[in-house]
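> A structural model of the following input is requested.
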Amino acid sequence: MRRSPPPSRLRHPFNPQPSGPQVTSTAALLHRDGFAQVVAHYGPVYDTLATSAEEAFYASLAVGRRTREAIGAARRVLADPATMPVHEGRRHGGPEALTGGPVPFAWALLVLYHRGLDHPLAPPGEARPASGAGGVQREERPVRPGAKTEELVHGFIGRRRELHRLRRELRGDPGRGIPAKAVFVVHGLGGLGKSVLCQIARRVLDPSGRATLNLWCREVEERPLPVSGLLEQFLEGVDAWKLPGWSEFAARAEKQTADAAELLPSLIKELVTNREKYWPKSAPDRLLLHLDNLESLCRPPGSPKEQAEDDNPDTLAPWRDDACRRLWQGLVQLAEQSAGRLLLLASTRYCNEDIAPADRFPFPPMPRDAVERMMDWFPSLHALSRFSRARLLPELSGHPFAVRELATLVGERRKKRRTPLPPPKNAAEAETEWRELIAPLLGERPDQLSGKLKEHLLFEQVWRQVLLPADHRLLVRLTILCRPADEAAVKALAAGLPDTAFPRLLDTGLLTEHLDPRQPPRFDVHPHVARLAEPLAGANWPVWRAEGTHLAAACFSERARNTRDLTDDDWDAGHYWLDAGEPDGAFGFLGIFAQQFLDQGRGLLALDLLSRFTDRPGRPRLADSSLGAWWGLAGEAFATLGDLAGALKAYREALAVRQRLAAADPSNAGWARDVALSLQRVGYAQAVSGAGQEALRSWSEALAILQRLAAQDPSNAAWQLDVVKTLNLLAGLFDLAKPEGREAAAEFLRPALAIAEQLEQAGAMIETGQSALTRQLRERLAALSAPPSSE
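Have a look, this model is predicted:
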């Protein structure tokens with residue numbers, strides 16, 4: 001079935017002269033061009049009517065009826081007063097129907113263009129009864145394994161008007177002088193489907209998906225430095241494209257600035273400006289940068305209760321920090337100056353003064369026909385009579401959560417009845433249904449519904465009438481999940497609570513189930529549900545969340561201990577211990593990831609991870625046993641980024657901590673060795689900075705400590721190897737162009753080579769992975785013994 005398009009400029013097939021009438025129907029053009037049968041809607045069609053007619057049409061075809069018979073079945077659906085629950089206004093009569101009821105365009109005609117014989121399009125089949133409602137008819141998958149953010153795979157959207165307006169505004173109209181937008185921000189209340197609309201927009205603008213970069217802001221909202229998390233996502237996304245020469249450029253750019261808010265726009269500018277360089281065969285016309293859930297970079301105003309009840313889509317919220325503000329301003333400026341080569345697309349609950357009104361695309365609540373279609377998804381609402389649904393439709397807030405919560409409440413009322421209500425046959429019998437199932441949900445004013453069926457009010461009814469205290473506790477505990485968790489983890493967070501709490505949250509729809517064929521089902525709590533629950537939990541909110549955090553930390557720590565490789569369990573365990581106020585336990589997990597980032601040359605990502613252990617003045621909240629390692633990793637991160645001053649400062653902080661530990665326990669050889677290794681790092685930063693004499697003193701102090709340790713235990717190959725490496729470092733400080741420098745270097749290389757040869761004879765060099773070191777020392781010493789070059 002097709003809607004009638006705007007008038008075509010093609011000539012009428014029976015009057016091809018320019019002065020004759022022009023074809024105004026796509027259906028007529030298709031019929032003329034050879035399609036034997038074309039079915040078309042003439043006039044606007046509302047979603048529910050179109051869907052009902054299509055269901056009847058295809059059901060008739062499926063059982064072997066002819067097309068004209070299927071058209072008749074569809075027309076009967078359109079003409080049946082019971083099809084829609086509203087009786088105000090008529091479905092016929094033309095323009096006078098435009099002002100009546102939620103289906104003002106129901107007078108649209110269903111037309112069949114046909115030539116030749118009308119044969120059945122399918123062999124006769126067995127008619128199957130409709131399956132009825134069965135929950136939300138959508139399939140969504142995480143944007144990547146373990147992510148909180150999901151994308152729609154397929155399912156009902158019900159936003160035809162917004163989709164058409166979106167396409168028009170995205171593409172512009174050059175013929176009328178309306179340019180395509182460079183910045184496009186979809187904004188509206190939370191949970192309405194803004195992300196799905198942006199997903200459709202991405203398909204319109206970049207069907208292949210090869211020129212789209214997605215930044216999932218919700219995934220970084222818990223980070224102290226969210227912009228660094230977005231930079232990480234950007235680098236991962238571009239790395240997946242495997243662009244020639246990109247990795248080298250990104251590494252150089254990362255060393256030039258440690259400011260993620262400055263680095264990210266500069267990297268995007270490089271891609272936009274030099275598309276032919278990175279896509280030598282077929283460069284895309286433009287890049288599409290999508291920021292999903294931009295409100296995660298903002299601070300919501302007001303108390304949790306005020307946030308839950310705020311139904312003003314134009315509420316303003318400030319940025320979380322200056323880096324978020326500068327990032328957005330830089331991206332907007334880049335898009336506006338790119339001459340159409342970069343489009344910035346975003347979705348957000350909140351706006352602020354940096355988001356220009358001209359760039360905003362208001363996204364209203366669902367229209368009534370979409371609300372009614374959604375009501376069919378839930379068995380408890382599907383079973384309501386059309387009379388009760390007609391009374392409910394105008395009063396629902398148009399929010400998906402309101403429909404779901406209403407379904408939970410009505411279903412609970414049905415369960416409490418000893419005998420089921422008979423299906424109402426008329427409006428008088430429907431009054432009993434209304435009085436039994438709906439009116440008790442409306443509180444003190446059942447005769448005045450306006451404002452009573454907003455999602456926060458319905459959620460409060462679910463909280464008080466359906467959920468038990470144990471359910472409240474588990475729901476709040478589960479709000480701490482940083483990513484969807486499997487059933488075993490959810491049950492671990494339900495420790496001490498009845499086994500019925502988890503199934504009840506699933507039945508009420510307050511716990512989101514993520515289905516992905518790549519892994520078992522996972523569960524979490526939608527942020528909108530968490531915002532609604534916080535004011536109702538009151539003083540118990542922080543207590544129950546603290547319980548959940550400790551239970552999650554223990555659960556994922558146990559999992560991590562049972563696996564040899566680094567996994568998401570290690571990452572999650574570290575973050576939960578950090579949230580639980582035990583940073584030293586967290587550092588045991590996250591410090592490994594920081595070192596992994598450094599091994600990959602990602603200094604900014606390592607700094608972002610390390611920053612999560614700092615308080616507001618920027619000092620890490622760690623015991624000395626972990627603090628020295630933290631400063632050491634921070635120094636390596638600064639060195640990776642080329643900030644030698646920052647690296648030297650961090651190395652000295654690490655040295656001070658380790659000297660303090662060694663002084664408190666002089667017999668502890670491990671603390672003494674840590675002091676020596678810190679001195680090595682300090683000396684390295686000094687040497688690279690050109691302070692050779694200072695580096696000589698630092699490495700000499702380190703050598704003295706390591707030689708003392710090696711003398712205490714000559715069988716310890718690792719300690720002997722520490723001495724060899726330090727001697728090798730000292731040899732590199734001297735000017736080999738001068739005879740005295742060559743001799744001084746040789747004084748350090750000779751004992752280093754002697755120790756290395758002893759270790760090699762004992763097989764220790766192979767065991768420690770340093771088999772090439774002995775050969776390198778021989779070559780260096782031989783080069784010093786050779787006569788100097790005449791050049």
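> which residues sit in contact with A623?
Taking CB atoms under 8 Å, 6 or more residues apart in numbering, we find A623 in contact with D584. To be clear about C-beta, it is placed using only N, CA and C from the backbone, and glycine gets the same treatment.
> so how far is stretch 365-377 off the chain centroid?
26 Å (CA atoms, centre = their mean, to the nearest Å).
> show me where the stretch 401-550 of the chain has strands.
Listed in chain order, the strands of the stretch 401-550 of the chain (DSSP state E, counting those that start in this stretch) span 485-486, 512-516, 519-524.
> tell me which strands the shortest one pairs with, and in which orientation.
Listed by DSSP bridges, the sheet partners of strand 485-486 and their directions read strand 519-524 (antiparallel).
> the second one too?
With DSSP bridges as the criterion, the sheet partners recorded for strand 512-516 are strand 519-524 (antiparallel).
> just the C-alphas of the partner strand, formatted as PDB.
Provided in PDB are the C-alpha atoms of strand 519-524 (Å, rounded to 0.1, in the frame of the first residue of the first chain):
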ATOM      1  CA  GLN A 519      25.500 -13.600  24.600                       C
ATOM      2  CA  PRO A 520      23.000 -14.600  27.300                       C
ATOM      3  CA  PRO A 521      20.200 -12.100  28.200                       C
ATOM      4  CA  ARG A 522      21.400  -9.200  30.300                       C
ATOM      5  CA  PHE A 523      19.500  -6.800  32.500                       C
ATOM      6  CA  ASP A 524      19.700  -3.200  33.800                       C
END
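> now it, how far from the chain's geometric center?
On CA atoms, centre = their mean, the centre of strand 519-524 falls 16 Å from that of its chain.
> please name the residues that touch the closest residue to R286 other than its chain neighbours.
Using CB to CB, 6 or more residues apart in numbering and skipping residues adjacent in sequence, the residue nearest R286 is R341, 4.8 Å away. Shown in contact with R341 (CB under 8 Å, 6+ apart): V272, R275, D285, R286, L287.
> and for R360?
Taking CB under 8 Å, 6+ apart, one finds V185, H187, C351 in contact with R360.
> measure it to D570 for me?
41 Å (CB to CB, to the nearest Å).
> again with G603
21 Å.
> more crowded one of the two?
Ranked by neighbour count (other CB atoms under 10 Å), G603 and D570 place G603 first, with 24 against 21.
> confirm that V186 sits in a helix.
No - according to DSSP: H, G, I helix; E, B strand; the rest coil, V186 belongs to no helix; its state is strand.
> per-residue confidence for it?
If you check V186, the pLDDT there is 91.
> likewise P18?
46.
> how about the helices in the stretch 501-650 of the chain?
With DSSP state H, counting those that start in this stretch as the criterion, the stretch 501-650 of the chain has helices at 501-508, 527-537, 540-561, 568-579, 583-599, 603-610, 624-640, 644-664.
> make a markdown table out of the strands of the stretch 401-550 of the chain and add mean pLDDT.
Formatted as a markdown table, the strands of the stretch 401-550 of the chain follow (pLDDT from 0 to 100):
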| stretch | mean pLDDT |
| --- | --- |
| strand 485-486 | 89 |
| strand 512-516 | 77 |
| strand 519-524 | 85 |
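> tabulate the ones you listed (JSON lines), appending distance to P301 and mean neighbour count.
As requested, the strands of the stretch 401-550 of the chain are exported to JSON lines (distance: least, CB to CB, whole Å; neighbours: other CB atoms under 10 Å):
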{"stretch": "strand 485-486", "distance to P301": "30", "mean neighbour count": "18"}
{"stretch": "strand 512-516", "distance to P301": "26", "mean neighbour count": "17"}
{"stretch": "strand 519-524", "distance to P301": "25", "mean neighbour count": "16"}
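> including distance to V332, could those go into CSV?
Shown next, in CSV, are the strands of the stretch 401-550 of the chain (distance: least, CB to CB, whole Å):
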stretch, distance to V332
strand 485-486, 37
strand 512-516, 33
strand 519-524, 32
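> which of those sits closest to D599?
strand 519-524 (27.6 Å; CB to CB).
> what's the angle between that closest one and helix 527-537?
40 degrees (axes from the mean of the first three to the mean of the last three CA atoms, to 10 degrees).
> got the angle between strand 519-524 and helix 501-508?
Put simply, strand 519-524 runs at 90 degrees to helix 501-508, going by the same axes, to 10 degrees.
> quick one on the thing from earlier: tell me the most buried of the helices of the stretch 501-650 of the chain?
helix 603-610 (a mean of 24; mean count of other CB atoms under 10 Å).
> show the average pLDDT along that helix.
85.
> which SS class is the closest residue to R171 other than its chain neighbours?
Setting aside the residues directly before and after it, R171 is nearest to A180 in space (CB to CB, 6+ apart), at 5.8 Å. Following three-state DSSP, A180 is assigned to coil.
> my guess is A180 meets G172, correct?
Yes - judged on CB atoms under 8 Å, A180 makes contact with G172 at a distance of 3.6 Å.
> ok, H528 touching G191?
Yes - in this structure, H528 is within contact of G191 by CB under 8 Å, at 4.4 Å.
> which neighbours do those two have in common?
With CB under 8 Å, 6+ apart as the test, H528 and G191 both reach F401, E455.
> hmm, back to that, can you add neighbour count and give the contacts of R341 back as CSV?
Below are the contacts of R341 laid out as CSV (neighbours: other CB atoms under 10 Å):
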residue, neighbour count
V272, 18
R275, 19
D285, 9
R286, 19
L287, 19
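> and those, which two are furthest apart?
Within the contacts of R341, V272 and D285 form the most distant pair, 11.1 Å apart (CB to CB).
> look up how far G237 lies from E694.
43 Å.
> ok, R435 next?
Distance from R435 to G237, by CB to CB: 56 Å.
> residues in contact with stretch 663-680?
Taking CB under 8 Å, 6+ apart as the rule, stretch 663-680 contacts 628, 632, 651, 654-655, 658-659, 661-662, 698-699, 701-703, 705-706, 708-709, 712-713, 719, 722, 726, 729.
> quick one: it to chain centroid distance?
Averaging C-alpha positions (CA atoms, centre = their mean) puts stretch 663-680 44 Å from its chain's average.
> okay, and for the stretch 51-200 of the chain, where does confidence drop off?
Along the stretch 51-200 of the chain, segments meeting pLDDT under 70 span 51, 80-109, 125-140, 143-147, 153-158.
> make it 90
51-182, 184, 188-200 (pLDDT under 90).
> do the stretch 451-600 of the chain as well
Ranges of the stretch 451-600 of the chain meeting pLDDT under 90: 451-466, 482-485, 504, 506-532, 560-569, 571-572, 579, 581, 597-600.
> what do you get if the cut-off is 80, keeping everything else the same?
Where the stretch 451-600 of the chain drops to pLDDT under 80, the residues are 451-458, 514-519, 564-565.
> same deal with the stretch 651-791 of the chain?
For the stretch 651-791 of the chain, the ranges with pLDDT under 80 are 735-739, 741, 760-774, 781, 784-791.
> can you give me the helices for the stretch 151-300 of the chain?
160-171, 194-205, 226-239, 246-256, 260-273, 275-278.
> need those helices in TSV (columns: distance to P521).
Formatted as TSV, these follow (distance: least, CB to CB, whole Å):
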stretch	distance to P521
helix 160-171	30
helix 194-205	21
helix 226-239	25
helix 246-256	37
helix 260-273	35
helix 275-278	39
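> got the contact list for L110?
Contacts of L110 (CB under 8 Å, 6+ apart): M1, V39, A40, H41, Y42, A53, I71, A74, R75, L78.
> before we move on, what about I592?
L566, D570.
> pretty sure I438 is touching V410, no?
Yes - between I438 and V410 there is a contact at 7.2 Å, judged by CB under 8 Å.
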